[in-house]
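Student: Sequence and computational prediction follow.
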Amino acid sequence: DVTSIRSLSASVVSKLIKINGIVTGSSTLQAKATDVCLMCRSCRHIKYVHVEAGLTGIQLPRSCERKTHDSLLRHECPMDPYYIVHERSRFVDQRLFQVQELPEAIPIGEMPRRVQCVANRYLVHMDKIVPGTKVEILGAYSIHASKSIRDSASSGIKIPYIRVYGLSTIGNSAASAKAGNEEEYRRIARSGNVLDRLARSFAPSIMGHEEVKKSIICQLFGGTQKQPRNGFSQRSDIHVLLLGDPGVAKSQLLKFVQQVAPIGVYTSGKGSSAAGLTAAVIRSPQSGEFYLEAGAMFLADGGVVCIDEFDKMREEDRVAIHEAMEQQTISIAKAGITTILNTRASVLAAANPRPGRYDDQQTAEENIDFQTTILSRFDMIYLLRDTHDEKRDQTLAKHVIDVQVNYNPATGRSSAAGRNLNSMANGTDTGDELSIEMMRGYVDYCRRTCAPKLSMSALQTLSNFYVAVRKEVKAFEEEQDSQSVIPITVRQLEAIVRISESIAKMELAMQVETHHCQAAIRLFRKSTEEAVSSGRNAGADARETRKARHMILERLPVGSTTSTDGLRKFITGKGIEDKAAGRAVSLLVNQGILQFRGQKSVYRAARG
């Protein structure tokens, strides 16, 4: 039976155990002595000492053990006469590596547990001992004395480790489908409307966001993994960005994804660094050597990385995941370590607009505080707004109260948890929602067993749509007289291909048909295409505000002060409406470029 790393204790010392985990760090190749040759400094007596496997050492004899001394020797050998002759000793290869609990095995709110492992001989040359690899280890739970413990009173304290006898890799999920569940999974695939059924089962306590839930479900299934040809590989992971106002359940969606995904890692942008997301170079306290410590992108290999507060990340940390999102690799060149590691993980990010809340009077460029390079890597981008609608507010309030009042601690659900906004409004609640365990198993089963390919009709549908949407974006940019902050490039065409493959995969279909592509196009139009044209609502008012802002910045140099009334009269004298002039002044004040001095004057404090 497999023993969890969290349950290892002193009761299993010197016993054979089997554990599952993920490699987080690996040392360089070392030489471990098996037979040490000792020579006496005085009489040249040679003695061989066998060294046990693992991290054990040897104790040099305090006196010479030669039984008969030559009569020509005039004195006895001194104390501590032996020294090691390395040329006559025998060595084998040895490697030390850290194994951490699998992400799905870590209890919520707990720190992950680790254990040190030692591999000898042929095991050290296996490609499985690299950071981010999920392994199954058979070995003996052993102990050794720590070099850091110098106090003689603490000599009885030992440090545990595992002496590895066997090593193999395991699948992307430890929760492999049981034979009894496979027929249930096939029945779900044959039931029809699989995407709608999964959307009803996804985060049932969160009302609305139907299209967002469908997109996240497509992200969980992912596209078809293409085999690289001539060194060129195409990613199959789908990246989703949720950009919206506070209080629209973005973080709750991310937390639910962490529970449903076979492999899910949750992190916050404010507390994440480039090394924490990719990989860090750590110095080993035992040997002083540098080795790689895997980050969140490696730990979620084959799963989903949920990054909350994505806009709070530092720009240099956000740039570090550019390569991981598109190329699915991370290039490391630190402390003499140069390597390329795989990071086949999907990214689900949540962020707030630049002003904190989405402002309809501003363009998409003014609301979205991200560079085009990072936005183009997201397959779907959703703008979630907290709009004021009395009917919707009443329905939402009733749903929240029902969830609070009818909560069942035994099941973790409430009587209202399975009903979404559309089913409550239209009376179409079918009651066929899946449990979290069933969803997780179904996602894992489809990812492992199905790899759909595009049909000729699907290829024609996707190519025609790409040409049409490029034409629409070009017309929109000419109308707005500026380039869109969210580009529509070949990456977006590949995104629609991946979405179509994921919809076919969740139905266990081996070929992507036209209706799969049409469903993917609907999701793309609801997400990225609407985000591209979001500035269209601002219309002429936004253009007037931009002109007024430009006039203010030209009129008022840095460090100067002028009256508010005089500034607005100057702008209106150029043919700009007074309302647009007021919005421009307020916008510059919110950005910190202008500051009010009293009630009648403004001061320019920074460059725009």
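Tutor: Looks like it came in fine. Note that the structure is predicted; figures quoted are calculated from it, not measured.
Student: Against residue 264, how distant is the closest residue to residue 341 other than its chain neighbours?
Tutor: Closest residue in space to residue 341, ignoring its immediate chain neighbours: residue 330 at 5.1 Å, by CB to CB, 6 or more residues apart in numbering. C-beta coordinates here come from the backbone N, C-alpha and C atoms, glycine included. As judged by CB to CB, to the nearest Å, residue 330 and residue 264 stand 19 Å apart.
Student: same deal with residue 157?
Tutor: With distances defined as CB to CB, the gap from residue 157 to residue 264 amounts to 36 Å.
Student: Neighbour count: the two, which is higher?
Tutor: Shown here are residue 157 and residue 264; by other CB atoms under 10 Å, residue 264 has more neighbours (25 against 11).
Student: Which residue, neighbours along the chain excluded, lies closest to the more buried one?
Tutor: On the basis of CB to CB, 6+ apart, the spatially nearest residue to residue 264 that is not a chain neighbour turns out to be residue 258, at 3.8 Å.
Student: Let me know the distance separating the one you found from residue 398.
Tutor: In this structure, residue 258 and residue 398 are separated by 28 Å, where distance is defined by CB to CB.
Student: Looking at those two, which is more packed in?
Tutor: Just comparing residue 258 and residue 398: by other CB under 10 Å the higher neighbour count belongs to residue 258, 22 against 13.
Student: for whatever helix or strand the more buried one lives in, what is the average pLDDT?
Tutor: Here residue 258, judged by DSSP states H and E, is contained in helix 250-260. Summarised as a single mean, pLDDT over helix 250-260 is 85.
Student: on that earlier part again, next, the contact list for the residue nearest to residue 264, please.
Tutor: Contact criterion CB atoms under 8 Å, 6 or more residues apart in numbering gives 264, 265, 266, 304, 306 as the residues in contact with residue 258.
Student: Would you agree the second one is in contact with residue 294?
Tutor: No - taking CB atoms under 8 Å as the definition, residue 265 is not a contact partner of residue 294, at 10.9 Å.
Student: Just send the contacts of residue 258 back as CSV, with pLDDT and distance to residue 167 too.
Tutor: As requested, these are exported to CSV (pLDDT from 0 to 100; distance: CB to CB, whole Å):
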residue, pLDDT, distance to residue 167
264, 78, 25
265, 81, 24
266, 82, 29
304, 87, 27
306, 87, 30
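Student: Are any of the residues you listed buried, and if so which?
Tutor: Burial of the contacts of residue 258 was assessed by neighbour count (16 or more other CB atoms under 10 Å); the buried members are 264, 265, 266, 304, 306.
Student: can you count the residues close to the closest residue to the last one other than its chain neighbours?
Tutor: What it means is residue 306. The spatial neighbour of residue 306 that comes closest, neighbours along the chain excluded (CB to CB, 6+ apart), is residue 254 at 4.1 Å. Other residues near residue 254 come to 23 when the count uses other CB under 10 Å.
Student: Residue 254 and residue 123, how far apart?
Tutor: Remark: distance between residue 254 and residue 123 (CB to CB) = 38 Å.
Student: hang on, the earlier thing: then the residue nearest to residue 341 would be within a helix, right?
Tutor: No - assigned with DSSP: H, G, I helix; E, B strand; the rest coil, residue 330 falls outside any helix and is strand.
Student: what kind of secondary structure is residue 525 in?
Tutor: With three-state DSSP as the basis, residue 525 sits in helix.
Student: for this protein, where's the lowest mean pLDDT among helices and strands?
Tutor: Confidence across the helices and strands of the chain bottoms out at helix 421-426, with a mean of 44, counting by mean pLDDT, DSSP states H and E.
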